[in-house]
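Undergrad: Sharing a sequence plus its predicted fold:
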Amino acid sequence: MLNYLSIIIEETYRILFLLVPLLVAVAMIVWLDRRVWAFVQKRRGPNVVGPFGLFQSLADFLKYIFKEIIIPASANKVIFILAPIITMTLALIAWAVIPFGETLVLSNINVGILYLFAVSSLGVYGIIMGGWASNSKYPFLGAIRSAAQMVSYEVSIGIIIINVLLCVGSLNLNDIVLAQKNIWFVIPLFPMFVIFFISALAETNRPPFDLPEAEAELVAGYQTEYSGMMYAMFWLGEYANILLMCAMGSILFLGGWLSPLEMYPFNLIPSALWLIFKILFLFILFALVKSIVPRYRYDQLMKLGWKIFLPLSLFWVVLTSSYLLYFNLLPVN
């Protein structure tokens, strides 16, 4: 009994050791997001609350805690409350398999990439539930848009991941990173990296693909009827998903925790910091796209996903497998 208790306590500490920095990171990237927008638009951005405005996200979070939670009278209350909880929970549990080093991982499972793909695919349910349970036309339209958009671009992401798996021969995230010791996959699979990055924008409802929550025509989409901490949970889930997609891009294409050069002073930097640097780099690209690229129309969004990305990613799977087979480079496990 004591052994089981000690194991539970140890695992709880490991989970908190991952979750607490992750929640702090979410707060910091919101600040970074705003600063990047301000830089592009030649204005200051958050600069009042704390040094350089670093505590602005904390102030916003405290505001959400003390704001009243209003549930519409005609809403399905149980599903209305469950929707943001599901969205945030799914966004956080996906991080259990992200390796920050060869041994720095909460759960090193052999099907890590499959677990990530499954959890990220479930994220759409929280959005659909929130939009439907609100019993309002604008959230419902946002939820329908989100379902079609996320399903469409998950297909492209899945096929892109197949290209990486063909080169590695394993679903384990550690094996995917270690397979890039000689060359990062971003070099031979650069077109797939570009498509993955754009698909990740659509998967996380980021501009120019923020049609499910478009303020101009849908008020705030599926989040319209939410307030207080329930709105903040959607917000936390969204940014945790954005960081997750940046982490997946880093692991699949940018060598994960591996340093670019195994020489001084690069080899003195801890492995976890290399992954964090790469995640930040991709997130800054996310923020720049939001600041620069105008929103797509919905028909353009669907055309890009089904008529351009899907055929191109399928063609690249054939190209990659043919190359590996012809030169007898297919990994054998």
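TA: Sure, I can see it. Numbering: from 1, shown residues only.
Undergrad: Flag the shaky bits of this protein, pLDDT-wise.
TA: Of all residues in the chain, those with pLDDT under 70 make up the ranges 1-2, 212-220, 262-268, 332-333.
Undergrad: pretty sure Q223 contacts M233?
TA: No. Proximity of Q223 to M233 does not meet the contact threshold set by Cβ atoms under 8 Å, at 10.3 Å. Backbone N, C-alpha and C define where each C-beta goes, glycine included.
Undergrad: Between these two, which is the more surrounded one?
TA: Neighbours per residue (other Cβ atoms under 10 Å) separate Q223 from M233, with Q223 holding more: 25 against 21.
Undergrad: For that one, give its distance to N174.
TA: The spacing between Q223 and N174, counted by Cβ to Cβ, to the nearest Å, is 36 Å.
Undergrad: burial measure for V24, as a count.
TA: Once other Cβ under 10 Å is used to define contacts, V24 is seen to have 12 neighbours.
Undergrad: Phi first, then psi, for it.
TA: According to degrees, to the nearest 10, the main-chain angles of V24 amount to phi -60, psi -40.
Undergrad: F17 versus that one, what's the distance?
TA: Taking Cβ to Cβ as the measure, V24 falls 12 Å from F17.
Undergrad: cool, and I183?
TA: According to Cβ to Cβ, I183 and F17 sit 32 Å apart.
Undergrad: now swap in L258 and tell me
TA: 22 Å.
Undergrad: So between the two, which is more surrounded?
TA: With neighbours defined as other Cβ under 10 Å, L258 and F17 compare such that L258 has more, 19 against 11.
Undergrad: Would you mind measuring the gap between the ends of stretch 179-189?
TA: Its first and final residues considered, stretch 179-189 spans 14 Å by Cα to Cα, to the nearest Å.
Undergrad: Just checking the distance from that stretch to the centre of its chain.
TA: Relative to its parent chain, stretch 179-189 has a centroid offset of 21 Å by Cα atoms, centre = their mean, to the nearest Å.
Undergrad: show me where this protein has helices.
TA: According to DSSP state H, the chain carries its helices in the segments 2-40, 56-66, 77-93, 112-133, 137-168, 173-178, 190-203, 215-218, 228-253, 271-292, 298-303, 310-326.
Undergrad: For the fourth one, name the packing helices and strands.
TA: I take that to be helix 112-133. helix 77-93, helix 137-168, helix 173-178, helix 228-253 (3 or more Cβ pairs under 8 Å, 6 or more residues apart in numbering; DSSP states H and E).
Undergrad: One more pass at 7 Å, please.
TA: Packed against helix 112-133, as judged by 3 or more Cβ pairs under 7 Å, 6 or more residues apart in numbering; DSSP states H and E, are the following elements: helix 77-93, helix 137-168, helix 228-253.
Undergrad: and what of the third one?
TA: The contact analysis (3+ Cβ pairs under 7 Å, 6+ apart) places helix 77-93 against helix 112-133, helix 228-253.
Undergrad: Let me have those helices in TSV, extended by distance to F193.
TA: Formatted as TSV, the entries for these read as follows, by distance: least, Cβ to Cβ, whole Å:
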stretch	distance to F193
helix 112-133	16
helix 228-253	5
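Undergrad: Select, out of the ones you listed, the one closest to A59.
TA: A59 lies closest to helix 228-253 among those, at 12.5 Å (Cβ to Cβ).
Undergrad: Just want the angle from the closest one to helix 2-40.
TA: Using axes from the mean of the first three to the mean of the last three Cα atoms, to 10 degrees, the inter-axis angle of helix 228-253 relative to helix 2-40 is 90 degrees.
Undergrad: okay, the helices and strands packed on helix 112-133, which one's buried deepest?
TA: Compared across those, helix 228-253 shows the largest average neighbour count, a mean of 23 (mean count of other Cβ atoms under 10 Å).
Undergrad: Can you list the helices and strands that it packs against?
TA: In terms of contacts (3+ Cβ pairs under 7 Å, 6+ apart), helix 228-253 is packed against helix 2-40, helix 56-66, helix 77-93, helix 112-133, helix 173-178, helix 190-203, helix 271-292.
Undergrad: Can you give the contact residues for the fourth one?
TA: Where contact means Cβ atoms under 7 Å, 6 or more residues apart in numbering, the residues beyond helix 112-133 that reach it are 75-76, 79-80, 82-84, 86-87, 90-91, 93-94, 97, 109, 139-140, 142-143, 146-147, 150-151, 154, 158, 161, 171-173, 212, 222, 241, 244, 248.
Undergrad: Pipe the helices and strands packed on helix 112-133 into TSV and attach distance to S199 per row.
TA: Written out in TSV, the entries for the helices and strands packed on helix 112-133 read as follows (distance: least, Cβ to Cβ, whole Å):
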stretch	distance to S199
helix 77-93	17
helix 137-168	4
helix 228-253	9
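Undergrad: Number of residues surrounding E11?
TA: Neighbour count for E11, taken as other Cβ under 10 Å: 12.
Undergrad: if we can go back for a sec, among the helices and strands packed on helix 77-93, which comes closest to Y323?
TA: helix 228-253 (17.3 Å).
Undergrad: re the thing from before, and of the helices and strands packed on helix 77-93, who's closest to A200?
TA: Comparing the helices and strands packed on helix 77-93 by their distance to A200 (Cβ to Cβ), the top pick is helix 228-253, with 4.0 Å.
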